Structures are given as C-alpha cells and as structure tokens.
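> what follows is a protein structure lacking sequence information:
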C-alpha cells in the first residue's frame with residue numbers, strides 16, 4: 001500500500017455524550033452503527049502528472065481550435 005494512503009471511517013448514528021442523535025429513541029442506539037470506509041491515496045507525483053497533462057490539454061486546445069476555425 002502507498003505510504004500516503006489512509007483509510008477513513010465514518011460512523012452513522014454515532015452516540016454523542018450518551019444521548020442518541022436527533023432525539024432518536026434509546027433502543028435505536030443499541031444497534032451497531034454502520035461503518036463506511038473510504039480509500040484515499042494521492043501523492044506529489046500524481047499531482048504533478050495531473051497538472052502537466054491538464055496544461056498540455058489547454059495548450060493543445062489553444063492551438064487546435066483556432067486552426068480548425070480558420
């Protein structure tokens with residue numbers, strides 16, 4: 001796994017200060033909350049590659065479209 005990769009979790013229905021969220025009943029909070037995982041991985045090389053390809057696309061568009069119009 002890449003060193004810049006992190007796994008983030010989000011818990012729905014998390015109990016705050018011992019009381020259920022949004023005034024829900026206590027029996028609803030006894031269920032195990034559903035956990036979502038999001039995989040995030042990005043580094044400098046990918047950033048520079050993305051910026052470089054984006055700039056190449058802009059230069060190509062600035063050259064190509066004026067030539068096709070005239």
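Looks like it came in fine. Only a predicted model underlies this, so the values are computations on that prediction, with no experimental measurement involved.
> how near is residue 39 to residue 31?
Residue 39 sits 26 Å away from residue 31, taking CB to CB, to the nearest Å as the criterion. For every residue, glycine as well, the C-beta is placed using N, CA and C.
> again, but for residue 59
Residue 59 sits 56 Å away from residue 31, going by CB to CB.
> what segments of the protein are strands?
6-11, 35-40 (DSSP state E).
> weakest of those strands by average pLDDT?
The weakest mean pLDDT among the strands of the chain belongs to strand 6-11, with a mean of 58.
> helices or strands next to the helix ranked longest in the chain in the packing?
Ordering each helix of the chain by length in residues (DSSP state H) puts helix 44-69 first. For helix 44-69, there is no helix or strand it packs on, judged by 3 or more CB pairs under 8 Å, 6 or more residues apart in numbering; DSSP states H and E.
> low-confidence stretches in this structure?
Residue ranges of the chain with pLDDT under 70: 1-30, 38.
> ok, 50 please
1, 15-16 (pLDDT under 50).
> may I see the buried residues of stretch 32-39?
Buried residues in stretch 32-39, defined by neighbour count with 16 or more other CB atoms under 10 Å: none.
> and residue 61, how far is that from residue 70?
Applying CB to CB to residue 61 and residue 70 gives a distance of 15 Å.
> now residue 37
In terms of CB to CB, residue 37 sits 53 Å off from residue 70.
> one more: residue 53?
Residue 53 is 27 Å from residue 70, by CB to CB.
> neighbour count winner among those two?
Shown here are residue 53 and residue 70; by other CB atoms under 10 Å, residue 53 has more neighbours (10 against 5).
> just list whatever residues bridge to residue 37.
Beta bridges link residue 37 to residue 9, judged by DSSP bridges.
> lovely, talk soon.
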